[in-house]
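Trainee: Here is the input, now give the coordinates:
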Amino acid sequence: MNKVFLIGNLTRDPELRETNNGTSVCGFSIAVNRPYTTAEGERQTDFFNCTAWRTTAEAIARYCKKGNKVAINGSVQLRNYEDNEGIKRTAVDIIVQDVEFLTPKSAAGSNDDFYDAPSSAPARGASASAKKKPTLQSFDDDGDIPF
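Mentor: Numbering: from 1, shown residues only. All right, here's what the predicted structure looks like:
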């Protein structure tokens, strides 16, 4: 099973592109703090390159910017390549399947169109739109216990 769940902050603004056939793809990176500190009291951080596709990519590009906290769910993908000097290298990428925006609207700063949807609404495939909250009806509490 190849599954990864990460919570971190974007280290740069997401970059939205399209493939030749029009499929949206978004590249971004996140910084994830390790849960412990070094002997000197410093907290170490890992940096992950992430790639999202289609509507998830569009949602990330639209609603996220550098510094925003996100939770991502996806898989690890290794890429082998040769650099310009002919040295074989391996790169680790996270292929994002689901994302949840964790930065609240109030912390979004001056970006007025940041989050049209609630901050806890996940962007999952084609279901990136926010669900409506149910309306509650009042009831007459005459003091009788119904059971």
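Trainee: Would you mind measuring from residue 6 to residue 83?
Mentor: Noted for residue 6: a distance of 26 Å to residue 83, by C-beta to C-beta, to the nearest Å. From N, CA and C alone the C-beta is placed, and that goes for glycine too.
Trainee: Looking at the two, which one has more neighbours?
Mentor: Between residue 6 and residue 83, counted using other C-beta atoms under 10 Å, residue 6 has the larger neighbour count: 17 against 8.
Trainee: Is that one within a helix or a strand, and which one?
Mentor: In this structure, residue 6 sits in strand 4-10 according to DSSP states H and E.
Trainee: Can you mark which positions in the very next helix or strand once past that strand are buried?
Mentor: For strand 4-10, the following helix or strand on the C-terminal side (DSSP H and E) is strand 15-18. Across strand 15-18, burial judged by 16 or more other C-beta atoms under 10 Å covers residue 16.
Trainee: Check which helices and strands the strand holding residue 6 is in contact with.
Mentor: Contacts defined by 3 or more C-beta pairs under 8 Å, 6 or more residues apart in numbering; DSSP states H and E place strand 4-10 against strand 24-37, strand 69-82.
Trainee: who's in contact with that strand?
Mentor: With contacts defined as C-beta atoms under 8 Å, 6 or more residues apart in numbering, strand 4-10 is touched by 28-33, 48, 64-76, 94, 102.
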